[in-house]
Every structure is written in C-alpha cells, then in structure tokens.
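1. What shape does this take:
(one chain, ligands or ions: 1)
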Amino acid sequence: MKICVVGAGYVGLVSAAILADWQHNVVCVDHNEQKIEDLLAGKLPIFEPGLQELVELNRRRQYLRFTAEMAEALRGCEMIIVAVGTPPAENGHPNLEDFWAVVKSFRENVGNNVIVMIKSTVPVGTGEAVSLYLNEKVSHTFSVVSAPEFLRQGTAVHDFLHPDRLVVGCMSPEIREQMKELFQPLDCPKVFTDWHSAEMIKYASNSFLALKISYINTIANLCEAVGGNIQDVAAAVGLDHRIGQAYLKPGVGFGGSCLAKDTQGLIAQGEVHGVNVWMFKDVLEVNYEQRVHIVQRLTEVLGNLKGRKIAILGLAFKANTDDLRDAPSVTIIAQIIKLGGLVKVYDPVVDSSSLPNIISVSTADNPYAACQGVDAVIVLTEWEEFLDLDLKRLQKSMNAPVFIDGRYLFERKRLLEAGFFLPERPSSSEWPVVQSMISAR
Ligand SMILES: NC(=O)c1ccc[n+]([C@@H]2O[C@H](COP(=O)([O-])OP(=O)(O)OC[C@H]3O[C@@H](n4cnc5c(N)ncnc54)[C@H](O)[C@@H]3O)[C@@H](O)[C@H]2O)c1
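-> Below is the predicted model:
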C-alpha cells in the first residue's frame with residue numbers, strides 16, 4: 001500500500017518505520033524542515049530504543065522516505081495517517097490547529113479515493129467531523145478511520161508491534177476488511193467499532209492509567225503519615241489480578257505529553273456536555289501535588305534551600321526517552337532555584353540545554369560527579385543504570401547525605417545501609433543532625 005504518514009514525532013515516526021518494515025511504500029512528511037533535514041542525514045529527532053535501526057534498514061530498502069513537502073507526499077497515496085501533535089490548549093481542550101491544518105490540506109491535494117487514519121488523540125466526534133468536512137464538495141471518497149495509538153515512549157517500537165489490543169473505528173465493512181489486512185501482522189485482540197467509541201477508548205484508557213498513579217501516590221502519602229512500606233503495599237495490592245501491577249508505581253507522578261493532556265481533555269469534554277468529571281480533576285491535582293511534596297520534604301530536612309546544592313538524577317519524564325514535556329524534573333528544579341538552591345543535573349540521554357531557558361543548572365557527566373559535595377540528591381527518572389550505582393561511594397562524596405528517591409527505584413533498606421537520610425513524614429529527629437552537617441561545612 002502507498003502510505004503517507006503526517007508527523008515525524010513519536011507516533012508518526014514509529015508508525016512509518018514499522019509500516020515500511022511490513023513492506024508498504026511509506027513517505028513520512030513533517031512541516032518541521034530541520035527535523036526532515038536531520039532524518040535525511042540519518043539523524044533521528046527523538047530517542048526511542050530500536051527505532052534508528054528500523055529507519056535505517058527501511059530507508060536502505062527504499063520502503064521509507066522523508067519529505068517536508070505535503071502536496072508531493074500526498075500525491076497518489078492510498079492511505080494517509082495523521083499523527084501530528086494535539087497539545088493541551090489553555091482551556092483544557094486539545095489544540096487541534098495543526099490537526100485541522102493537515103486535514104484541510106487533504107481536500108486540496110488528494111484527487112483519488114483514500115483512507116484517512118487518525119492516530120492523533122482527538123476529542124470524541126472528531127472522526128465524524130473530519131469525514132463530513134473531507135467528503136463535502138468532492139467527487140472521490142475519503143474513508144475516515146479512528147485508530148488511536150497506545151504506544152508508550154521508551155518502548156514505542158515494541159508497543160506498536162505487541163499492543164494489548166488494536167482499536168479501529170470505522171463505518172464501512174469494506175474499509176474494516178482492509179484494516180484487518182493491514183494490521184494482520186499484529187497478534188492481539190482487535191476491536192472494531194465506531195468512530196466515537198474508538199476515540200473514547202483512548203481517553204478512557206489514559207485517564208484510567210492516570211487515576212491508578214494518583215491512587216497509589218495517595219496511598220504512598222498515607223503510608224508516610226501512618227506507617228507502612230509503600231513498595232510492599234503497592235506490590236501486594238497489584239498482585240490482585242483485578243487490579244494488576246502496571247501503573248501502580250508510587251513516586252513523583254506522571255508527566256509527558258499524554259496522561260495529563262488526555263485527562264484534561266476528558267474533563268473539558270465532560271464540562272461541555274454537563275457531565276460530572278470531578279474525579280479526573282482530583283487525579284490531576286494529586287499528581288501535581290507530588291512535585292510540591294518533594295520540594296517541601298527537601299526544605300523540611302535542609303532547613304531552607306538558600307545556597308544549598310542539590311543533585312538531580314534524571315531529567316526525562318520517564319526512562320528510555322529524551323522527552324521533557326511536562327516532566328516533573330522541570331517543575332521541581334524551577335522551584336528549587338526559586339527558593340535559592342543550586343542545582344547540578346545528570347541524565348544519561350537528555351541534554352540540560354533542552355531545559356527551559358529560565359532554568360540555570362550545571363551539568364555533570366555522570367551521577368557521581370553530579371552528587372559530589374551536594375547537600376541532597378533527588379532521583380526523578382527511573383533510569384535502569386541508576387540501579388547499579390555504588391550508593392556508599394555516592395553517599396561519601398556528598399556534603400550531607402540526604403536522598404530523595406522520587407521514583408521508589410531503590411529498596412529503602414539499601415539506601416539506609418548506604419548511610420543516607422531519607423526525608424519522610426512525619427519529620428524526623430534526624431533533621432537537626434543533617435542541618436548541623438551543612439552548617440559545619
Ligand atoms: N507520544 C506518545 O507516547 C503518544 C502515544 C499515543 C498517542 N499519542 C498521540 O499522538 C499524537 C502525536 O503525538 P507525538 O508524541 O508523536 O507528537 P510529536 O510532537 O512528537 O510529533 C508531532 C509531529 O507533527 C508535526 N506536525 C505538526 N503540525 C504539522 C503539519 N501541519 N504538517 C506536518 N507535520 C506537522 C510536528 O512537527 C511533529 O514533528 C498526539 O495526538 C498524541 O496525543 C502520543
């Protein structure tokens with residue numbers, strides 16, 4: 001099949017590379033010329049395990065090419081996949097400007113029957129609106145398919161190839177058969193439904209994942225106050241098959257471009273239609289409080305943050321990605337700096353120059369260098385390489401050995417054995433000891 005994928009981001013690039021690997025003739029178009037130039041030069045604009053190899057292989061085999069020219073990319077294609085960003089707007093609804101700009105260009109540039117597959121996450125009703133718009137005043141047919149994407153950054157290639165389910169919303173039995181054939185390589189349950197349901201499945205899934213994370217963080221905060229080891233609690237609760245282990249990880253909460261955006265999007269849709277959606281508002285509030293909570297704990301243990309040196313291990317919003325969109329690290333670092341703290345960062349993939357300009361930090365080449373002489377260290381990304389750290393060496397190199405494990409990456413026992421202070425509630429009698437270590441510096 002001749003396929004045009006619009007958007008060379010996490011979803012578009014991965015979809016394009018895999019469809020090319022399935023021997024479709026794929027062109028991936030993006031209006032960001034720099035991105036396309038980089039791709040043409042063999043440089044991927046995003047970090048995603050396994051993607052570079054897939055892109056290189058399929059470019060060599062000539063199943064995959066890149067361009068910044070939309071009209072040229074659309075010429076003669078049998079299917080168009082829309083994978084542009086739908087970032088949150090001020091009012092909580094997704095901003096669909098890019099999405100509609102792309103859709104409108106199809107009516108101008110496509111003169112044959114074509115399938116338009118929507119992979120961007122869009123509000124319920126968008127598929128229908130796109131179909132109405134595209135099929136007005138044209139003699140050929142645009143068959144719209146809502147096929148929301150469920151891949152996770154960091155494991156995107158794997159997730160695309162091994163999804164828990166495929167969701168396809170379309171209204172014509174003929175197109176449904178074509179979709180069955182297209183996705184034949186996927187060995188997973190395949191849900192064929194209408195446009196509205198497909199769109200809702202995406203929102204309902206992401207808001208449920210967000211809810212699970214905020215739920216376990218609420219339990220973590222309760223454990224801190226009343227006792228209980230949240231790592232044991234989360235593991236045991238998750239062993240109940242009705243609940244499951246996934247997304248039951250306590251910590252600094254979710255970030256990235258999807259969970260908060262889609263939960264907000266669901267709230268906005270509920271409000272437009274007069275449906276009570278308070279539950280999802282709480283999910284978001286709990287999530288952002290986790291970031292505040294970390295800075296509060298830090299201030300409690302160090303007395304105040306003025307002139308205090310803080311190491312941050314991990315900037316990415318999650319492991320195995322270079323994405324900083326809505327990353328807890330950005331909010332937390334900004335807050336520490338505002339309170340007078342000095343921040344040194346280390347991340348194995350994210351360059352600190354990607355942080356917003358107003359955030360001034362120093363960068364270290366490795367975790368040990370980041371922690372040298374600091375008053376506290378905070379882990380904000382669950383990078384696997386952190387698990388191999390020599391914690392005793394890290395502890396010895398610090399000015400005051402305060403450790404905040406924002407991802408519950410380490411066993412508590414291991415941190416205590418390495419000689420760290422773990423700021424937890426209720427406030428500990430050890431904090432004056434920590435503070436005297438700093439003033440004796
Ligand atoms: N990132 C994820 O993990 C993920 C997972 C599932 C679904 N989604 C959804 O998929 C969509 C895309 O997400 P993403 O993370 O891949 O976004 P992204 O920001 O990484 O990529 C979007 C790309 O679209 C391009 N683009 C925007 N307007 C364009 C235009 N007019 N013409 C051509 N290209 C244009 C941008 O330059 C960018 O490269 C969003 O709706 C998102 O909610 C994302």
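2. switch to C-alpha atoms for all contacts and neighbour counts from now on
-> Noted.
3. just checking, residue 305 touches residue 335?
-> No: taking contacts as C-alpha atoms under 8 Å, residue 305 lies outside contact range of residue 335: 10.1 Å.
4. These two: which is more packed in?
-> A count of neighbours by other C-alpha atoms under 10 Å puts residue 305 above the other of residue 305 and residue 335, at 21 against 16.
5. Could you grab the helix/strand/coil label for the more buried one?
-> Put simply, residue 305 is coil when judged by DSSP: H, G, I helix; E, B strand; the rest coil.
6. repeat for residue 26
-> Put simply, residue 26 is strand when judged by three-state DSSP.
7. Is stretch 326-344 positioned near the ligand?
-> No: contact between stretch 326-344 and the ligand is absent, the nearest approach being 12.0 Å (criterion: C-alpha under 6 Å from any ligand atom).
8. That stretch: end-to-end distance?
-> 20 Å (C-alpha to C-alpha, to the nearest Å).
9. How about stretch 336-349?
-> By C-alpha to C-alpha, the extent of stretch 336-349 from end to end equals 22 Å.
10. Contact partners for residue 38?
-> Applying C-alpha atoms under 8 Å, 6 or more residues apart in numbering to residue 38 gives the contacts 44-45.
11. Give me the phi and psi angles of it.
-> phi -60, psi -40 (degrees, to the nearest 10).
12. For it, give its distance to residue 71.
-> Per C-alpha to C-alpha, residue 38 is found 21 Å from residue 71.
13. Who are the contact partners of the nearest residue to residue 160 once chain neighbours are set aside?
-> Leaving out its chain neighbours, the residue that sits closest to residue 160 by C-alpha to C-alpha, 6 or more residues apart in numbering is residue 151, at 5.7 Å. By C-alpha under 8 Å, 6+ apart, residue 151 lies in contact with 11, 157, 159-160, 163.
14. and which of those is nearest to the ligand?
-> Closest to the ligand out of the contacts of residue 151 is residue 11 (3.8 Å), distances taken as C-alpha to the nearest ligand atom.
15. Identify the bridge partners of the closest residue to residue 365 other than its chain neighbours.
-> The shortest distance from residue 365 to any non-neighbouring residue, by C-alpha to C-alpha, 6+ apart, is to residue 346 (6.6 Å). Residue 346 has the following beta-bridge partners by DSSP bridges: residue 313.
16. so residue 73 makes contact with residue 27?
-> Yes: counting by C-alpha under 8 Å, residue 27 is a contact partner of residue 73 at 6.3 Å.
17. between the two, what contacts are shared?
-> With C-alpha under 8 Å, 6+ apart, residue 73 and residue 27 have common neighbours 4, 67.
18. chain center to the helix or strand of the chain with the lowest mean pLDDT, what's the gap?
-> Lowest mean confidence among the helices and strands of the chain (mean pLDDT, DSSP states H and E): helix 431-439, at a mean of 78. The chain centre lies 38 Å from the centre of helix 431-439; the measure is C-alpha atoms, centre = their mean, to the nearest Å.
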